[in-house]
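>>> just need the structure, nothing else, for what follows:
(one chain, ligands or ions: 1)
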Amino acid sequence: MKTQLIHDLEALVPRFAEALAKADASDLEAVRVQFLGRKGSLAALMAAMGGLDPQDRPEVGRVANAVKARLAELWQQCQEHLAQKAQGTMPFDAGDPAWVPHVGALHPTTRIQQEICAVLQRMGFETVSGPEVETDFHNFEALNLPPGHPARDMQDTLYITERVLLRTHTSPMQVRTMLARRPPLAIIAPGKVYRRDSDLTHTPMFHQIEGLLVDRQVTMSQLRGVLTALVQAVFGASTRVRFRPSFFPFTEPSAEVDMSCVLCAGRGVLDCGEGCRVCKGTGWVEILGCGMVDPAVFAKVGIDPEAWTGFAFGLGVERMAMLKYGIGDLRLFFENDSRFVRQFA
Ligand code: PHE
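Coordinates of the predicted model:
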């Protein structure tokens, strides 16, 4: 009876410690009551001491008191620990799992945009930025797209009011720059643009980089030189570039620029023999629109078209990122999945 009771009393300590380890601030008191309360485990064992031989009672009584003191001490420690934890003042504990800081990464759109802008800055272009909510004048009219012009159909516009809209391209930055400064000038304007478009290959918001150079006797071969150097700086010296005649109301002549497909090295077929889906088997992918600034645009912003010439280009940033990083689906850019973003860190 005596040894059994001593054993049961001593066993309370590890049981209590285990219960405390699992407890949080809200059930700490319940654990205390269960072990130390008037009807708790310790009280029950102490009551059983009444059945002991009188000469055994002092010894068991000493054990009971020691156990009681130990339980009280453990409870006190646990309570302090939980209170500190709640306040965030926990002393350093080398046994805690390591705290791994969540390190962010640049989005591939940001990455390629910075890279392209850096190349153009080295050539002497200065970066400028302007509003995404634009006037009809800056987005269309001054770019030789008067109201009712059929070319406006090329871009499905998101209107705020009849005269205010989300810019459909970065070209209004040509207008803003030429209204604010006198030539010679060379600027690039990266930023978001918006169109009423949403399918596998089009999103309502995407990024462009606009380029504009105005000087005396600017030629199309200079435009070609700048864009070829840009593409080769970003994609490698063996990348080929081709200019196809095109039309934009604000440039004349105009061209669309294709580069040789990076995924199939311009061959149209992959090593496995399958047709390349990125260039649809043609070996070329379109990356930008460009041309010589139309004299009508110079006239709109008060620059003498007889004295000044210029070129402009507008490049799709997501398209460049897809080619550079081999991203097959445009929608991945906008899903906000940090695992996607971290791949490019
Ligand atoms: N703004 C045109 C577009 O978004 C691209 C472009 C820019 C074309 C500058 C020519 C000159 O499609």
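>>> what residues of the host helix or strand of E29 count as buried?
According to DSSP states H and E, E29 maps onto helix 28-36. Of the residues in helix 28-36, L28, V31, R32, Q34, F35, L36 count as buried by neighbour count, 16 or more other C-beta atoms under 10 Å. For every residue, glycine as well, the C-beta is placed using N, CA and C.
>>> same check, this time on stretch 307-315
Across stretch 307-315, burial judged by 16+ other C-beta under 10 Å covers W308, T309, G310, F311, A312, F313, G314, L315.
>>> can you check stretch 70-80 too?
L71, L74, W75, C78, Q79.
>>> which residues does the fourth one contact?
Looking back up the chat, that one is C78. Taking C-beta atoms under 8 Å, 6 or more residues apart in numbering, we find C78 in contact with L20, A23, L28.
>>> one more: the last one?
For Q79, the contact set (C-beta under 8 Å, 6+ apart) comprises L28.
>>> ok, it to F35 distance?
Separation of Q79 from F35 (C-beta to C-beta, to the nearest Å) stands at 14 Å.
>>> which elements pack onto whichever helix or strand G225 is part of?
If you go by DSSP H and E, G225 is part of helix 220-235. Where contact means 3 or more C-beta pairs under 8 Å, 6 or more residues apart in numbering; DSSP states H and E, helix 220-235 is packed against helix 108-122, strand 205-215, strand 241-248, strand 251-260, strand 284-293, strand 309-316, helix 317-325.
>>> pLDDT on that helix, on average?
Per-residue pLDDT over helix 220-235 has a mean of 97.
>>> contacting residues for whatever residue of the chain ends up closest to the ligand?
Proximity to the ligand, evaluated over the chain using C-beta to the nearest ligand atom, is greatest for G314 at 2.7 Å. Contact partners of G314, counting by C-beta under 8 Å, 6+ apart, are H169, T170, S171, Q208, I209, E210, G211, L288, G289, C290.
>>> up against the ligand, what does the stretch 151-300 of the chain have?
H169, S171, F248, T251, S254, G289, C290, G291 (C-beta under 6 Å from any ligand atom).
>>> of those residues, which is the most crowded?
For these, the largest neighbour count, defined by other C-beta atoms under 10 Å, is 30 neighbours, found at S171.
>>> quick check: that residue vs M205, distance?
Distance from S171 to M205, by C-beta to C-beta: 16 Å.
>>> stretch 12-24: which residues count as buried?
L12, F16, A19, L20, A23.
>>> ah, wrong one, I meant stretch 237-249
Within stretch 237-249, the residues scored as buried using 16+ other C-beta under 10 Å are T239, R240, V241, F243, F248, P249.
>>> pull it out as CSV, backbone CA atoms only.
Extracted C-alpha coordinates of stretch 237-249, given in CSV (Å, rounded to 0.1, in the frame of the first residue of the first chain):
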residue,chain,number,x,y,z
ALA,A,237,24.1,37.5,-80.9
SER,A,238,22.8,34.6,-83.2
THR,A,239,19.2,35.8,-83.0
ARG,A,240,18.0,37.0,-86.3
VAL,A,241,15.6,39.9,-86.8
ARG,A,242,13.3,40.6,-89.7
PHE,A,243,11.2,43.6,-90.6
ARG,A,244,7.8,43.2,-92.3
PRO,A,245,5.8,46.1,-93.8
SER,A,246,2.8,47.0,-91.6
PHE,A,247,0.5,49.9,-90.8
PHE,A,248,0.1,52.2,-87.8
PRO,A,249,-1.6,55.6,-88.2
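>>> quick one: contacts of it?
Stretch 237-249 has contacts (C-beta under 8 Å, 6+ apart) with 143-145, 149, 151, 224, 227-228, 231-232, 253-260, 262, 266, 284, 289, 291, 294.
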